[in-house]
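Student: can you look at this prediction? I've put the sequence above it.
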Amino acid sequence: MTYEEYEKERREAVYAGEKALDSLYEAQNQLRKARNWGIYDILGGGFFSSLIKHSKIDNARTCIERAKYDLQSFSRELQDVSYDLDVDIGGFLTFFDFMDSFFADILVQSRISNASRRVDEAIDKVQEILSSLRKAHL
């Protein structure tokens with residue numbers, strides 16, 4: 001691969017990584033909102049707070065699906081410049097808060113926290129790889 005080809009592939013990888021990072025930040029933001037509403041719900045927020053919490057969870061789920069797609073694109077672009085991305089954020093936002101009880105709310109809150117932790121880890125990994133890609137340009 002020529003230098004020009006490598007630079008083109010590196011720029012494409014950086015762009016894909018930045019897009020994935022934006023998606024991860026939005027997922028993180030939505031999870032934070034869901035967590036905040038979950039705390040309010042646990043403290044006795046009632047029916048409407050539970051509805052809002054679930055709306056935020058649905059928003060987070062949508063953002064996570066977008067982030068997964070963007071991470072897959074980033075991973076494909078990284079292969080072109082001989083990098084490997086091993087980040088798994090999938091399949092961890094499944095909630096079954098069908099009962100409005102304190103224990104169900106605690107379980108949902110725990111899952112939100114776990115999802116948030118995994119998104120944070122993915123953000124750290126993508127930032128690390130982007131930093132390395134940018135240094136490769138210098």
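Tutor: Everything's here; your move.
Student: C-alpha only now, for contacts and for neighbours.
Tutor: Will do.
Student: just checking, what packs against the helix or strand containing R76?
Tutor: According to DSSP states H and E, R76 maps onto helix 47-80. For helix 47-80, the elements it packs on are helix 3-42, judged by 3 or more CA pairs under 8 Å, 6 or more residues apart in numbering; DSSP states H and E.
Student: can you give me the buried ones in the helix it packs on?
Tutor: 9-14, 16-21, 23-35, 37-39, 41-42 (16 or more other CA atoms under 10 Å).
Student: go on, stretch 63-75?
Tutor: C63, I64, E65, R66, A67, K68, D70, L71, Q72, S73, F74, S75.
Student: also stretch 108-127?
Tutor: Those buried within stretch 108-127 under the rule 16+ other CA under 10 Å are 108-109, 111-113, 115-116, 118-120, 122-123, 125-126.
Student: if I look at the residue nearest to S113 when sequence neighbours are not counted, how far off is R61?
Tutor: Counting by CA to CA, 6 or more residues apart in numbering, S113 lies nearest to R35, which is 7.2 Å off, once chain neighbours are set aside. Separation of R35 from R61 (CA to CA, to the nearest Å): 13 Å.
Student: one more: E9?
Tutor: From E9 to R61 the distance is 30 Å (CA to CA).
Student: wait, S50 touches N36, no?
Tutor: No - counting by CA atoms under 8 Å, S50 does not reach N36; the two are 11.3 Å apart.
Student: quick one: contacts for the residue nearest to S113?
Tutor: Listed by CA atoms under 8 Å, 6 or more residues apart in numbering, the contact partners of R35 are K53, Q109, I112, S113.
Student: against K53, how distant is it?
Tutor: Applying CA to CA to R35 and K53 gives a distance of 8 Å.
Student: the host helix or strand of D124 versus helix 47-80: what angle between them?
Tutor: Using DSSP H and E, the element containing D124 is helix 102-137. Relative orientation of helix 102-137 and helix 47-80, computed by axes from the mean of the first three to the mean of the last three CA atoms, to 10 degrees: 30 degrees.
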